[in-house]
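Trainee: what shape does this take:
(chains A and B)
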Amino acid sequence: MSRVRIAEAAFWLGTLAAYFVFPEYLMLGSQIMITALFALSMDLILGYAGVVTLGHAAFFGVGAYCAGLLATHSLGAPLLGLLVAAAAAGVVGYLTSFLLVRGQDLTRLMMTLGVCMLLLETANHFSGITGGADGLQGMQMGKVLGLFAFDLYGRTAYLYALAVLFALFCLARRLTGSSFGLALRGIRENPRRMPAIGSPVARRLITVYTIAAMFAGVAGALLAQTTQFVALDVLGFNRSAEILIILILGGTGRLYGGLIGAVVFMVAQDHFSGVDPKYWQFWLGSLLVLIVLFARGGVLGGADRLLRTLRKK
Amino acid sequence: MLGTVAVVLFDGLAYGTLLFLISLGLSITLGLMNFINLAHGAFAMVGGYIAAVCMNRLGVPFLATLPLAFLGSALVGLLLETTLYRRLYQASHLDQVLFTIGLTFIMVASATYLFGPSQQPVRLPTFLIGQTTIFGLELGTYRLFLIACGASLIVGLGALLTRTRFGACIRAAVYNQRVAGALGIDVDRVFAATFALGSGLAGLGGALGIDVLGLDPTFPLKYLIYFLIVVAVGGAGTITGPLYAALLIGVADVGGKYYLPQTSGFIIYAVMILILVLRPGGLVRARGRA
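Mentor: Model prediction:
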């Protein structure tokens, strides 16, 4: 147990140390934090409750547009933006979760995908408000807590994103460690048996979907605030697929999976897509195929197995 | 006014026929093997590129490229089924989704590498270009051709499934794999043959659709959603389900683009969500399933 604690502390101290070690990569760093938060929210529904979704970008996008629109209407206080984004994404998540509890895997895939595409079309249609394909411009961000202004080097953005990620991670950890988290794992392992022992499956799924939507909304808001720009692709299919890939790459159902996945994926993407975006897609596809065929459980799952075999010897 | 309604209906049916041809294989893989194959659109793309390359580089006439597109993508499907897909029939849906997304990415990147990112041109024979007047309506000749192709294929497939021994094997395997195996049906071979057939049909649809849907490396991702909608709305494992769904979606999409161009993007998704809310299992349920 204590070894786990030390590893956890080391991880978070490492993220803080990165601030001093890589001062020129802080913008990338804050992007990684945001992706990590998004992956964390995906982990709650996919890794814990076992619901496969292809439309998680819906909530990311709602959050991003909320924060963006507030900031263009001279309400640029960052924390206010996060709260409103979380609330709005939560409402959308709550309403659409009723679609989710009907039907099986394919129906769920299509429902989540359909909701996301509907939102994308809506954002595209009301281009007077959202800026449409040109993106939402002219965001005026206030200072974080009224003290720290966003700077060109991304110093504030990095620490701000890190603080939000850490706070929500602690929340997710409490949540998954509680009896509620246990019930979710039960639903993942056997959705038919859980009602038999008196667990209200639909209600649990609605709750966790709403919470995950709020997390994703905060991630989207963070992206909008730190880049001061919102493009239509925050709602795109690629974003939903990518976050799924990131989570799988890191390992599902263990919270840190999404975080590790985000670091590995974003650093690799930053490196390889600079070389040639076409090949990046090729390698990404190959990686996915290989993970499914040979390395279920992703990076952390692989590390687990390695540790276990080492211990046996 | 009535004339335009008829033309929109007609174009929608032609579009729906294409969607049906491509989606049928997806529906079969899902119904037969319970496999979510997001790479299915890539097989249509393979067929499309075979036709385009034969036509534009080798000078094969358009109609002659169609059987080549069918055979080529059926072969690719067979190859992938026996080497890779087969390992994942028992895997979770999540694994299947990831694996097939990965495969799609590989195929999209390969197509970009081989053929470049631009749209492929198509040269139709002169007798398929232009308009044909039927009952006083100006109808696109190529679209008539599409509907005729689709209708004859549907009749052919129906006969294959209901009149032949192979069709009986497929139906038996769909209803109950284990009992079919116990009756001496080689279920693995039925799966492989069916997968190849579905991929071939998708390839044929891809080749036929170059003129209507276009063809570039992003094809599998761009139309994936449409194929999935057809299957999810229609209900997997049947022929009639995807047929109704494809025609419905085709007409809704074309009609939406014609009459409500402002909101055309919404209609198809709204129709899908509505149908799935009312009937989570799709329009037509496969027999032998709860």
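Trainee: around chain B, pick out the residues from the stretch 201-313 of chain A.
Mentor: Proximity of the stretch 201-313 of chain A to chain B is confined to A:237, A:241, A:244-245, A:248, A:278-279, A:281-282, A:284-289, A:291-293, A:296 under the rule Cβ under 8 Å from any Cβ of the partner chain. Backbone N, C-alpha and C define where each C-beta goes, glycine included.
Trainee: now that we have these, which of them are buried?
Mentor: Buried positions within these, assessed by neighbour count (16 or more other Cβ atoms under 10 Å in any protein chain shown), are A:237, A:241, A:244-245, A:248, A:281-282, A:284-285, A:287-289, A:291-292, A:296.
Trainee: look up how far chain B lies from A:Ala149.
Mentor: 39 Å (Cβ to the nearest Cβ, to the nearest Å).
Trainee: correct me, but that residue touches A:Arg155?
Mentor: No. Here A:Ala149 lies out of contact with A:Arg155, judged by Cβ atoms under 8 Å, at a distance of 10.1 Å.
Trainee: helix/strand/coil for the most centrally placed residue in chain A?
Mentor: Nearest to the mean C-alpha position of chain A, by Cα atoms, centre = their mean, lies A:Phe38 at 0.9 Å. For A:Phe38, the secondary structure call by DSSP: H, G, I helix; E, B strand; the rest coil comes out as helix.
Trainee: state the pLDDT value of the closest residue to B:Ala245 other than its chain neighbours.
Mentor: The spatial neighbour of B:Ala245 that comes closest, neighbours along the chain excluded (Cβ to Cβ, 6 or more residues apart in numbering or on different chains), is B:Gly234 at 3.3 Å. Model confidence at B:Gly234, given as pLDDT, is 82.
Trainee: which residues touch the residue nearest to the residue nearest to the centre of chain A when sequence neighbours are not counted?
Mentor: When the adjacent residues along the chain are set aside, A:Phe38 lies closest to A:Ala219, with 4.1 Å between them (Cβ to Cβ, 6+ apart). A:Ala219 makes contact with A:34-35, A:37-38, A:41, A:60, A:63 under the criterion Cβ atoms under 8 Å, 6 or more residues apart in numbering or on different chains.
Trainee: state the pLDDT value of A:Ala219.
Mentor: On the pLDDT scale, A:Ala219 gets 95.
Trainee: state the helix or strand in which it lies.
Mentor: A:Ala219 is part of helix A:201-227, with elements assigned from DSSP states H and E.
Trainee: so where is the chain shaky, pLDDT-wise?
Mentor: Going with chain A. Counting by pLDDT under 70, the low-confidence segments of chain A come to A:1-3, A:277-278, A:297, A:313.
Trainee: switch to chain B, that's the one I care about
Mentor: Those would be B:1-2, B:237, B:264, B:285-290, if you go by pLDDT under 70 across chain B.
Trainee: do a quick rundown of the strands in it.
Mentor: Under the criterion DSSP state E, chain B contains strands at B:131-134, B:137-140.
Trainee: and the helix or strand that contains A:Phe180, is it in reach of chain B?
Mentor: Here A:Phe180 is covered by helix A:179-189, with elements defined by DSSP H and E. No. Using Cβ under 8 Å from any Cβ, we find that helix A:179-189 stays clear of chain B, coming within 10.5 Å at best.
Trainee: what's downstream of that helix, the next helix or strand?
Mentor: Along the chain past helix A:179-189, the next helix or strand (assigned with DSSP H and E) turns out to be helix A:193-196.
Trainee: and the helices in the stretch 151-290 of chain B, which stretches?
Mentor: B:165-175, B:177-182, B:187-208, B:210-213, B:219-234, B:240-259, B:264-278 (DSSP state H, counting those that start in this stretch).
Trainee: quick revisit: could you report the distance from the residue nearest to B:Ala245 to chain A?
Mentor: From B:Gly234 across to chain A, the span is 11 Å (Cβ to the nearest Cβ).
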